[in-house]
Each structure stands twice: as C-alpha cells, then as structure tokens.
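Asker: Model the following, please.
(chains A and B)
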Amino acid sequence: MSSWSRRLVALCGATAFALASQAALAKDVHIAAISGYFAQGFGVSIVNGLKKAEKDLGVKVKLVDTGNRALDYEEQFNNIAKSGEYDLVFVMGWELVDALQKTAAAYPNTKFVFIDGVLDSKQIIYANFAQNQGSFMAGALAALMAEKGSAVEGLGDGKAIGFVGGRDIPVIRDFLAGYEQGAKTAAPDIRLDSVFAGTFDDPAKGSELTMALYGQGSDIVYNVAGPTGEGVLQASAAADKYSIGVDIDQCNVAPGHVMASMLKKADVAVYSLVKDVVDGKGIEPGSIHTYDLKSGGVELLLCPQVVDKIPADVKARLEALKTDVIDGKITVATVK
Amino acid sequence: MSDRIDSLLGQALAILFALGLGAIVILTVDESPLRVLVTLLNGAFGNPERIAGTLLQTTPILICGIAACISLRAGLFNIGIEGQLFMGGFWATWVGFSFNLPPVLHLLLAMAVAIIAGMAWIAIPAFFRARYNTNEVVSTILANYVAILVTSYLTINIFKRPGGLSETPPIHESAYLPELFSFSRLNWGLIIGLVLACAVHFFFTRMSRGYAVSEMGANPKFAEYGGIDIKRQIFVVLLASGAVGGLAGGVEALGVHHRFMEGFAPGFGFDGVIAALLANGSPIGTIFTALFFGALRSGSLLLEVDTTASREIITVIQALIILAVSAQITIKRRASDSTAGERRWKF
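Answerer: Okay, the predicted model is just below:
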C-alpha cells in the first residue's frame, strides 16, 4: 500500500472514530431550552450557545417556543419534564417563573437552569451574570473618554458622565455600583450623574432624561433600562453625543453614537453548563453559576463604528483594568 | 333542513381544505403530516390530564365564541371581545385582591364586576353604532388596543406586586373559581360556558325577544317595519355580547391565573370569533368548534416538544380556516344579495 493511500485510510479511520464518538455523546446528552424570545436579543445569544454545543459537543438540542399565552406555559413545562428525556432545561423569561417553579417542584429530577436571575427555589439551577464587573468596564471607558474631553471628536469638556436606570431596584443598583466604581478608579475627577426613569417601558422618557444629562455636561450616558434605554441610545444620535449599550450588542441602534455595549453573554453561559454535563460534572440543584469577566460571561464590546476614535492609551488602560479585575486586584462592589 | 346539511358540509370542507394545506406546510419542514396528526391527537386526548388540558383551552374560546354568536345573530360583528376579555380579567382580579369577603360572595362579586367591565368596554362603540350607525367592526377593534394597553399600564404602574414580575398581587382564595379535578387547572368556567351556550341557544330559538334579534340580523329594514326598536336593540345586543366577553376574562383570571399579568390571555377573543363563524353563529355549534380549536391548541403544545414542526403550524391551520370560511360567506352574501337584498350575514 502506498503511503498516501495508507494516510487516506488513517484519515478515514480518524474521521469515523470522531463521528462515532460524537454519535455516542449525542445519544447521551439531550438539552432543551424554553423561552418566548428565541428570535430576539438575549434569546438569540442562547440559541447561538446551544448551536455551538450541538456542533462541538454533539449534544441533541430541542428549542421549545412558549409563544405568549400564559395559559400554555404550565403544560409546556410538563411536557418537557414528563418525557424525562432532557439532562438540562434552560429557561429564559420572567413570565415563565410561575410555571417553572411549579414544574420544578413536581419533577425534582429534571434540572432546570434559569438564565439571568435568581429565585427562591432550591431545585432550580441559576445562570447569573456579573453585571457589576461589566459595568465597571463601561464606567472606566466613559470616565477615561470624558477626561480626554474635546480632544476627542464629539466630546465636550463637561467632565461628567451619565447613567439612566430603569426602575430603582437592587439589580439596577448593581449595574450602577460597578459603573461608578469603574469611573472613580479610572478617572477620579469625573462626575457621575445618575437618574432612574421609574419604568422599563418608556423610550420617550429615556430620551428626555438623556437630553437633560447631556445638558448638565455629560457626553456619555450608560443605559440600563430595557426599552426605556432605546430612547437613551436614540437621544445620543439626535444630540450627536455618545451612549453605552447593555445586555446585547446595541451598537447598531444608533451607529456611530453607541460607544460600546456591555454584553451579558448568554451563549458563553449556556455552552459552559452544557459542557459540564457532557464532561460528567454534576450540577447541584440550587447552585448559582456566575459568569464574569474572567470566564468571558460579561464583556465590554467597543463598537466598531467608534473604536477608531478611542485613543490607544484609553484602550491600554481598559485592558490593564480588566486584568486587575480578573486577577482579583480590584474587587468590584455589588448590590444584592 | 337541506340548508343545514349544506352549511355543515361547507364547514367540513373549510376544515378539510385547511388541514390539507397545513399538511403541505408540514411537508416543507421535513416532518410527516401523519406523525404531526398523531402527536396532535395524543397531545389533545392522550390521557385524562391532556383531555382536561384540552377542555382548559376550550373554555375561553367557547365563552368568547358565545359572545361573538350573540352579536352575529343580530347581524352585528363584535370583534372587540379581546378587549372586553382583558378588561373583565383585570377588574375581576382587582376585586379578587383588593377586598376581603366571604368565599361565595367574593367570587360572585368578582364575576359581576368582570361582566360590567366587559359591558362598559363595549358601551361606547355600541352607542355610536346604535345612534349614528358607526361601523362597529372598526370601533371595537380599536378598543382592543386601548384595553390591552390600559390594563398593562394599570398592572405595571399602579398595581404591580414587588419583585421582577409584571403582574398584580394574587387574588384571595375566596375569589377562586373552583377547579373540577385535582390533576388539572380545568375549572367551573367550562360548566359556565356550556350552560351559557344552552341558555343563548334557548333564547334565540324559543323566546320572542330572541326571535326579534334574529329577525333584525336577517333583515333590519323588515324588522324595523315590523315594529322593532332597532336602535335600542342594537345597543342592548352589543352590551350583552360585551358582557359575555368580560365574563370570559373573569373566568380566566379567577379560574386559572389567579392574578393579572402582561400578556394575560392574548388571542382568545379572536379565536372565539372564528369558532362562532365556523359554527355559523350557533351557540351549540360553537361548543364543538371551540372544542376543535381547543384540541388543536392543546395538541400543539406537545407538537412543539415531540416533533420538529413548530407550534405555529396550528396558527397557520386556523388562518386557513378563516380564509375558507370568509370565502364561503362572501359567496353566500353575493348569492343572497341578488335575491334577498339587504342581508349582511346569512345564518
């Protein structure tokens, strides 16, 4: 047998082996995800993580779309749990909490993972994000840029940065605490003006508040306000100033005016939990898995439309601060 | 009699047409229509829990369907049942969590408030239809959006319970509409729906007032000539239809969810209208068409988990049924336009 044909055989053998081992894994691990949001923002990120797991780890994935009828949720959870087929069931969406808790209590052997939040139930597994760390980076970026002032195109010398929160609730305070600490650490002289819209559903109010912040000298405003925050981003385009996105990549909402997006990477969280199952690591019911800067679960994405305007020394400083947080030299405050 | 057989045949054809086209859609997503059908049946009727689940889905469609029947009989089209349901659901919940009353009394008061809320929500379109002949289809549809947004505003901004959820506090147990079995959320709402269907049927077929309403639906000019106060009757019929729409919301709030939240029960108002149209405006027929849609809905929940076909295939089938039914109505209307003059709908 000539050497190339031997090599070919070896190659085929290796491929066959790889396929076979994948097939063996595929038989073992079944993952389901249930949500009404697979087509948007955070949900898309979950689907991407699962697709990656399907491809790399050979697991079988089932997506269950809940639709929007509250009447349907409980039966859908029951159908998933009763089949006993799934090793892990990802759940995303607060409107599902009621059905989730009932089902988790009725089927203690099914492992449900609630994404982006922590509930009281000790039967459910939680995937949570270190939003305070991501916000720390956002605060550092905003403060460093504000310090540069009019040296950078589109910025003034107000030496201030802004924050628009949805409602004044602990989880939003957690973002704010990180943002504030990041700003003070990077540039102690920069003033932080923070406001709460009192609602997550009012883009017009978000716009209005942002305009007021711009008027008070802030040139960069961080939104943590859901749909209200869309108004913040739009205001930055209208006023020709800057804003920072949250949760998902919001760079395209107001291209050229969204400076960065603080990403909570559901794909990373989902993939790593699936990998734990595939690797045979048990996941304890009630355990809270937090995804932070270190694991890549949160990240500050500098928007491609703006990245060239950000001076090199600012980028370098950001990298250094990120390393400090990851190494534990800086502990970011948190609000529970 | 041959008329009735004709119309039954027509509805059967509408359903077959929709299922046939649905099968083609299923083939395009590489799934076997037969497997989908078996899964649907299993999901809808596979065991007692699933049968109860089907009846649970049937209940709001049935009650909304009866609301639609009442207006259709009079030649009116209340397509605002959705809004009346949201209003009824919200205010029944409000009574449920705001007051402390003895069990039966609390439930009855909450139900009564749901009915009044539904009536209040159709009162303005009904007034304008009766007094100024404003098209009730447009005004009731518009009222839907307002109802959904108003209840959502009240829920989020005024009555929200603490925590991350956009919902009201739960109602007190004294206002619960009792469940029928321990293994399902199926409740007395179904019985209410069935009794109501029979009562409305009796009203239209055995009582002179009911006959007067049908007469107006068949030929308003003739009815007016015959001495019926058309304006008053239009107002009262629409109010009755709205009352039943509100009741549907009350049943969902007090029987199933025990609270009100954003996206409370979207689409049931429209499902009810379709069920009533498919049943030719007959309340008894609506029992069966509502069961049909309830089974589709309930079966589709298992479909989503057990096959690669999406739950939405049911929405496609339902839309195709509407298409087939409205095509029939148009044809009938053309036919009756040439013979009977002014008929709006033929029932």
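Asker: so what pLDDT did the residue in the stretch 1-150 of chain B that chain A sits nearest to get?
Answerer: Nearest residue of the stretch 1-150 of chain B to chain A, counting by C-beta to the nearest C-beta: B:G53, 5.4 Å away. Where you see a C-beta, it was placed from the backbone N, CA and C, and this is true even at glycine. For B:G53, the pLDDT comes out at 95.
Asker: Ok, B:S338 next?
Answerer: For B:S338, the model assigns a pLDDT of 51.
Asker: Phi, psi for the closest residue to B:N78 other than its chain neighbours please.
Answerer: Among residues not flanking B:N78 along the chain, B:S71 sits closest, at 3.9 Å (C-beta to C-beta, 6 or more residues apart in numbering or on different chains). Backbone torsions of B:S71, given as degrees, to the nearest 10, read phi -70, psi -40.
Asker: Per-residue pLDDT of B:S71, please?
Answerer: Reading off the model, B:S71 has pLDDT 96.
Asker: Do I have it right that it meets B:L238?
Answerer: Yes. Assessed by C-beta atoms under 8 Å, B:S71 is found in contact with B:L238 at 6.3 Å.
Asker: These two: which has the busier surroundings?
Answerer: Between B:S71 and B:L238, counted using other C-beta atoms under 10 Å in any protein chain shown, B:S71 has the larger neighbour count: 31 against 27.
Asker: Can you name the element that comes right after the longest helix that chain B contains?
Answerer: In chain B, with assignment by DSSP state H, the single longest helix is helix B:103-132. Sequence-wise, the next helix or strand downstream of helix B:103-132 (DSSP states H and E) is helix B:136-153.
Asker: which outside residues touch that next one?
Answerer: B:71, B:76-80, B:82-84, B:86-87, B:89-90, B:121-122, B:124-126, B:128-129, B:166, B:238, B:260, B:262, B:264, B:266, B:269 (C-beta atoms under 8 Å, 6 or more residues apart in numbering or on different chains).
Asker: Out of these, which end up buried?
Answerer: B:71, B:76-80, B:82-84, B:86-87, B:89-90, B:121-122, B:125-126, B:129, B:166, B:238, B:260, B:262, B:264, B:266, B:269 (16 or more other C-beta atoms under 10 Å in any protein chain shown).
Asker: Would you mind getting the angle between the longest helix of chain B and helix B:136-153?
Answerer: 140 degrees (axes from the mean of the first three to the mean of the last three C-alpha atoms, to 10 degrees).
Asker: shouldn't A:N48 be in contact with A:D267?
Answerer: Yes. Under the criterion of C-beta under 8 Å, A:N48 makes contact with A:D267 at 4.5 Å.
Asker: for B:A12, what are its contacts?
Answerer: Shown in contact with B:A12 (C-beta under 8 Å, 6+ apart): no residues.
Asker: can you check B:Y132 too?
Answerer: Not one residue lies near B:Y132 by C-beta under 8 Å, 6+ apart.
Asker: what about it, distance to B:G75?
Answerer: 17 Å (C-beta to C-beta, to the nearest Å).
Asker: same thing with B:A240?
Answerer: 14 Å.
Asker: List the buried residues of the longest helix of chain B.
Answerer: Quick answer for helix B:103-132 (16+ other C-beta under 10 Å): B:106-107, B:109-111, B:113-122, B:125-127, B:129-130.
Asker: Which strand or helix spans the residue minimising distance to the centre of chain B?
Answerer: By C-alpha atoms, centre = their mean, chain B has its centre lying nearest to B:C64, at 2.1 Å. Here B:C64 sits within helix B:48-73, counting by DSSP H and E.
Asker: Next, give phi and psi for A:P311.
Answerer: phi -60, psi 150.
Asker: Equivalent analysis for A:V89, please.
Answerer: According to degrees, to the nearest 10, A:V89 has phi -130, psi 110.
Asker: Test my guess that it contacts A:H30.
Answerer: No. The criterion here is C-beta under 8 Å, and A:V89 misses it with A:H30 at 9.6 Å.
Asker: ok, these two, which is more surrounded?
Answerer: A:V89 (26 against 18).
Asker: what sits against the nearest residue to B:L303 once chain neighbours are set aside?
Answerer: Spatial nearest neighbour of B:L303, excluding adjacent residues (C-beta to C-beta, 6+ apart): B:T39 at 5.2 Å. Applying C-beta under 8 Å, 6+ apart to B:T39 gives the contacts B:G299, B:L302, B:L303, B:D306, B:T307.
Asker: List, one by one, the residues from the stretch 51-200 of chain B near chain A.
Answerer: B:G53, B:L56, B:Q57, B:P60, B:I156, B:N157, B:G164, B:L165, B:S166, B:R185 (C-beta under 8 Å from any C-beta of the partner chain).
Asker: In contact with the residue lying closest to B:I81 once chain neighbours are set aside: list those residues for me.
Answerer: Once flanking residues are discounted, B:I81 sits nearest to B:G269: 3.6 Å by C-beta to C-beta, 6+ apart. By C-beta under 8 Å, 6+ apart, the contact list for B:G269 reads B:C64, B:I79, B:G80, B:I81, B:E82, B:G83, B:Q84, B:L85, B:N144, B:G245, B:A248.
Asker: Go through these and say which is closest to B:L278.
Answerer: B:C64 (13.0 Å; C-beta to C-beta).
Asker: I'd say A:L57 and A:V278 touch.
Answerer: Yes. With contact defined as C-beta under 8 Å, A:L57 counts as touching A:V278 (4.9 Å).
Asker: neighbour count winner among A:N48 and A:D267?
Answerer: Legend: neighbour count by other C-beta under 10 Å for A:N48 and A:D267, higher for A:D267 (21 against 16).
Asker: Quick check, central residue of chain A?
Answerer: A:K264 (1.2 Å).
Asker: so what's the closest residue to that residue other than its chain neighbours bridging to?
Answerer: Spatially, and ignoring its direct neighbours in sequence, A:K264 is nearest to A:F129 (4.2 Å; C-beta to C-beta, 6+ apart). Beta-bridge partners recorded for A:F129 (DSSP bridges): A:Y291.
Asker: Quick check: the gap between A:F129 and A:G286.
Answerer: Taken as C-beta to C-beta, the span from A:F129 to A:G286 is 18 Å.
Asker: Sketch out the helices for the chain, chain order is fine.
Answerer: You didn't pick a chain, so chain A it is. Counting by DSSP H, the helices of chain A are A:3-28, A:41-57, A:70-83, A:97-106, A:131-148, A:170-186, A:203-215, A:226-238, A:266-278, A:312-327.
Asker: nope, chain B please
Answerer: B:2-28, B:33-45, B:48-73, B:81-98, B:103-132, B:136-153, B:189-206, B:208-218, B:220-225, B:230-252, B:268-278, B:283-306, B:313-340.
Asker: and those, which is most packed in?
Answerer: helix B:81-98 (a mean of 29; mean count of other C-beta atoms under 10 Å in any protein chain shown).
Asker: Looking at that one now, give me its mean pLDDT.
Answerer: Mean pLDDT, helix B:81-98: 97.
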